[in-house]
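**Student:** need the 3D shape of this:
(chains A and B)
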Amino acid sequence: NAGVTQTPKFQVLKTGQSMTLQCAQDMNHNSMYWYRQDPGMGLRLIYYSASEGTTDKGEVPNGYNVSRLNKREFSLRLESAAPSQTSVYFCASSRAGGLDSPLHFGNGTRLTVT
Amino acid sequence: GQQVMQIPQYQHVQEGEDFTTYCNSSTTLSNIQWYKQRPGGHPVFLIQLVKSGEVKKQKRLTFQFGEAKKNSSLHITATQTTDVGTYFCAGPGRGATNKLIFGTGTLLAVQP
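**Tutor:** You can find the predicted model right below:
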């Protein structure tokens, strides 16, 4: 049982380049999330998808787009990377929203933008 | 906007000493969750508290939800080196049914 799988694990981009972070879960969860983690800032929600077909902005959505491709997959796209987007990105899923069921996290993607 | 703050940001203890981290929300929370993240790892769910004044224990860990449901605490008795990591609280976002907002976290270092 893989749980939540994120790819890639590491990525280095130059300013202005684009990329898509992939996330897939095999737990049949309804809700999926993208967080970024920066030193001293904790985990900040970028976007979330309460259920297949819906997406909503979180605390820090600027510079990002998401796609809930199907129930399993939730991707995060950086159209024009900036150094401020250097961070560790975590994808997470939960059975029925973060309120009543715990979040299961992937192993993270370490992104550096130069 | 809604804020969930934790104190302290960092705590260094000798193995065997107790440790407490406090979580404070600017708004009333319907429930609160706690997570632990080992260095280099990802957050892992520990527990959820729902009721006002609720206290739950997991071995050496004691979790408490405040009476006003705006604060929570995690207390570890007799810390061990395996307790090293960052502890996060998290609560529902204001007005949202599926948004979980994390606190700033407390990094615990345990010296053998």
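**Student:** enumerate the residues of chain A near chain B.
**Tutor:** Contacts of chain A with chain B, taken as CB under 8 Å from any CB of the partner chain, map to A:31, A:33, A:35, A:40-45, A:48, A:50, A:56, A:58-59, A:90, A:92, A:97-100, A:102-108. Yep, even glycine has a C-beta here, placed from its N, CA and C like the rest.
**Student:** the residues you listed, buried ones only, as a PyMOL selection?
**Tutor:** Listed next is the PyMOL selection for buried residues among these, using 16 or more other CB atoms under 10 Å in any protein chain shown:
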select buried, chain A and resi 31+33+35+42+43+44+45+48+50+58+59+90+92+97+98+99+102+103+104+105+106+107+108
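**Student:** what's opposite the spatially most central residue of chain B in the beta bridge?
**Tutor:** With distances taken as CA atoms, centre = their mean, B:Cys89 lies nearest the centre of chain B, 4.0 Å away. Assessed by DSSP bridges, B:Cys89 has beta-bridge partners B:Trp34.
**Student:** now do it, the pLDDT please.
**Tutor:** With respect to pLDDT, B:Cys89 has a value of 95.
**Student:** before we move on, what about A:Glu59?
**Tutor:** 90.
**Student:** wait, isn't it in contact with A:Tyr47?
**Tutor:** No: at 9.8 Å, A:Glu59 and A:Tyr47 do not qualify as touching, with contact defined as CB atoms under 8 Å.
**Student:** sorry, back to before: which of the residues of chain A next to chain B fall within strands?
**Tutor:** A:31, A:33, A:35, A:42-45, A:48, A:56, A:90, A:92, A:104-105 (DSSP state E).
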